[in-house]
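Visitor: Test case, fold it:
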Amino acid sequence: MPVNKQTIQRIADEPYRIFFPVALLAGALGVMLWPLFYASQITWIPNILQLKFYPNFAHAHLMIEGFVAGFAIGFVGTALPKMLSAPALRRWQLGLLLGLHLSLCAAHLLGYTRTGDALFALMMMCMLTFLGLRVKNGKSVPPPGMLLAGIGLVSGTLGAAWMSIVGFSGDAQWYLFFQRLLYQAFILLPLLGIGGFIFPMILGTTNHHAQLGGPKASRAWKNKAIEGGILGVLLILSYWIEAHSGSADQIKHMAWLRVALCFVWITKESGWLKRKTAKGVMAFSLRAGIVCLLGGMITTGIWQNHKIALDHSLYIGGFGLITMIVATRVIYGHSGQGKKFQLWVKPLCWCTGLLLFTMLTRVTADFMPEIMISHHAYAALLWVVVSIIWGIALLPSVRKYPFTPPTPPKPKSRPSVMDMNFRK
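Guide: Now for the predicted structure:
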């Protein structure tokens, strides 16, 4: 398909078609930073490829700002204008967002973390401005959970902006708080807000958020939006208390508070514990992702040792798996492949199984120091394998559009006497 103005505009209409592939690549590069750093201790990696800096921040920020943010922009940029009955993104807006996304990924890959954070904050401010104008001028109201998602996007923007401007030179407690906003609130709150709308589509349960859409915000819509707003404020408050308390007991209490809040919201809004109404790998994988998400919070609420390792059950099995399934639903839905919603698609089965195994490999690595380095490398390679399988199975569909039958020609009306050609 030649790249012309019409093609670019079709991508701007549905930005997931370009952001999903870029985000997938960013995630694969982000995990490969660790094997490249360990190149001198891993025989199958040439030393010439060894990374020259410790990639802890580069890896984390690339996975959040490159991988998660790429999928988030692709989803929200595609779905929200349609929900609002508002114009899609313009070509220059798409180009600006994509250019900033590619630039921040390059900065993190080169180890310029604060530069990457600044570019991410600028990208998110542009995105929020573009979407805010459409919310203001749209003809419909979005699902009420979008307010919670918006709080999460703003939280991530503030977190990255603080870390890019202040860095380590500021107060350690405030740094930890803004880091939590970027590392968790930016992912968790949009997942909860969008999940109230899209999880029921995958699980085949009652979709309360979709039922509240319309030209005007009803009383029920406002009540649901207020619920989401209160949830977002409580979650952010828990991060603030956790960062400023310094008490191990207080940190555990805040972790359990988040578990309770997320469990109640997800259960109430998605009905994931109800009797199975949807079949196939997508519904199974979503439930597995929710279990990993809640389980990851529980483990950090019980054990404070090896917190970074245990957090990967939340990041890989929770955020990573749910992101993959939601992206799959978006691609199938926008490419006219709805028949696959409830099938056990083999590539997706492999992706789910390998991603859960990746989570176990990464989480257990830090508990076995003698094999920690090799397990870090294996986990990274497994993530890349999952990305390749998912990419081969799904990415060709980003170029597909639902089939729309041609409009039949209108029957020719019988010409009137005034239209007849009397010369024949």
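
Visitor: what about the protein, any weak spots by pLDDT?
Guide: In the predicted model, the chain carries pLDDT under 70 at residues 1-3, 40-49, 246, 403-424.

Visitor: Show me which helix runs longest in it.
Guide: Across the chain, the helix with the greatest residue count (assigned by DSSP state H) is helix 219-245.

Visitor: Identify each buried residue in that one, please.
Guide: Within helix 219-245, the residues scored as buried using 16 or more other Cβ atoms under 10 Å are 221, 224-225, 227-229, 231-232, 235-236, 238-243. All C-beta atoms are positioned from the backbone trio N, CA, C, and that covers glycine.

Visitor: Any chance of the backbone angles for residue 166?
Guide: phi -90, psi -40 (degrees, to the nearest 10).

Visitor: Find the nearest non-adjacent residue to residue 111, please.
Guide: Distances taken as Cβ to Cβ, 6 or more residues apart in numbering put residue 53 closest to residue 111, at 4.4 Å, once the chain neighbours are dropped.

Visitor: Just say helix, strand or coil for the one you found.
Guide: coil (DSSP: H, G, I helix; E, B strand; the rest coil).

Visitor: returning to what we had before: now for the longest helix of the chain, which elements pack on it?
Guide: Contacts defined by 3 or more Cβ pairs under 8 Å, 6 or more residues apart in numbering; DSSP states H and E place helix 219-245 against helix 146-165, helix 172-180, helix 186-203, helix 248-270.

Visitor: Would you mind finding the most buried of those?
Guide: Mean neighbour count (mean count of other Cβ atoms under 10 Å) peaks for helix 186-203 among these, with a mean of 25.

Visitor: which element follows that helix toward the C-terminus?
Guide: helix 208-211 (DSSP states H and E).

Visitor: for that following helix, the distance to its chain's centre please.
Guide: Relative to the chain's own centre, helix 208-211 is displaced by 21 Å; criterion: Cα atoms, centre = their mean, to the nearest Å.

Visitor: Okay, buried residues for it please.
Guide: 208-209.

Visitor: Run through who's touching that helix.
Guide: For helix 208-211, contacts defined as Cβ atoms under 8 Å, 6 or more residues apart in numbering pick out 143-145, 196-197, 200-201, 224, 269.

Visitor: Determine which two of the residues you listed are furthest apart.
Guide: Largest separation among the contacts of helix 208-211 by Cβ to Cβ: 201 and 224, giving 17.0 Å.

Visitor: which helices and strands does the strand or helix carrying residue 57 pack with?
Guide: If you go by DSSP H and E, residue 57 is part of helix 56-61. Counting contacts by 3+ Cβ pairs under 8 Å, 6+ apart, helix 56-61 packs against helix 16-37, helix 91-109, helix 113-137.

Visitor: Could you report the separation of residue 56 from residue 201?
Guide: Going from residue 56 to residue 201 by Cβ to Cβ, to the nearest Å gives 37 Å.

Visitor: Distance to residue 102 added to the helices and strands packed on helix 219-245, as JSON lines?
Guide: Listed next are these as JSON lines, based on distance: least, Cβ to Cβ, whole Å:
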{"stretch": "helix 146-165", "distance to residue 102": "16"}
{"stretch": "helix 172-180", "distance to residue 102": "24"}
{"stretch": "helix 186-203", "distance to residue 102": "19"}
{"stretch": "helix 248-270", "distance to residue 102": "33"}
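
Visitor: just to revisit the earlier point, ok, the buried residues of helix 219-245 vs residue 17, which is closest?
Guide: Of those, the one sitting nearest to residue 17 (Cβ to Cβ) turns out to be residue 228, at 28.5 Å.

Visitor: Count the neighbours of residue 133 for me.
Guide: Residue 133 has 12 neighbours, counted by other Cβ atoms under 10 Å.

Visitor: Identify all contacting residues around the helix holding residue 57.
Guide: 30-31, 33-34, 108-109, 111, 113, 116-117, 120, 182-183.

Visitor: now do 10 Å
Guide: Here helix 56-61 makes contact (Cβ atoms under 10 Å, 6 or more residues apart in numbering) with 29-34, 37, 51, 55, 69, 104-105, 107-114, 116-117, 120, 160, 163, 179, 182-183, 308, 315, 380.

Visitor: Show me what the helix or strand just after that helix is packed up against.
Guide: As assigned by DSSP H and E, the chain's next helix or strand after helix 56-61 is helix 69-84. Packing partners of helix 69-84 (3 or more Cβ pairs under 10 Å, 6 or more residues apart in numbering; DSSP states H and E): helix 5-13, helix 16-37, helix 91-109, helix 113-137, helix 146-165, helix 186-203, helix 321-334.

Visitor: Identify whichever of those lies nearest to residue 345.
Guide: That would be helix 321-334 among those, by Cβ to Cβ, at 8.5 Å.

Visitor: Using CSV, list the CA coordinates for stretch 90-98.
Guide: The C-alpha atoms that make up stretch 90-98 are tabulated as CSV, following Å, rounded to 0.1, in the frame of the first residue of the first chain:
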residue,chain,number,x,y,z
ARG,A,90,-4.9,15.0,12.2
ARG,A,91,-1.9,13.9,10.2
TRP,A,92,0.5,16.4,11.8
GLN,A,93,-0.7,15.4,15.3
LEU,A,94,0.0,11.7,14.5
GLY,A,95,3.4,12.7,13.1
LEU,A,96,4.3,14.7,16.2
LEU,A,97,3.3,12.0,18.6
LEU,A,98,5.1,9.3,16.7
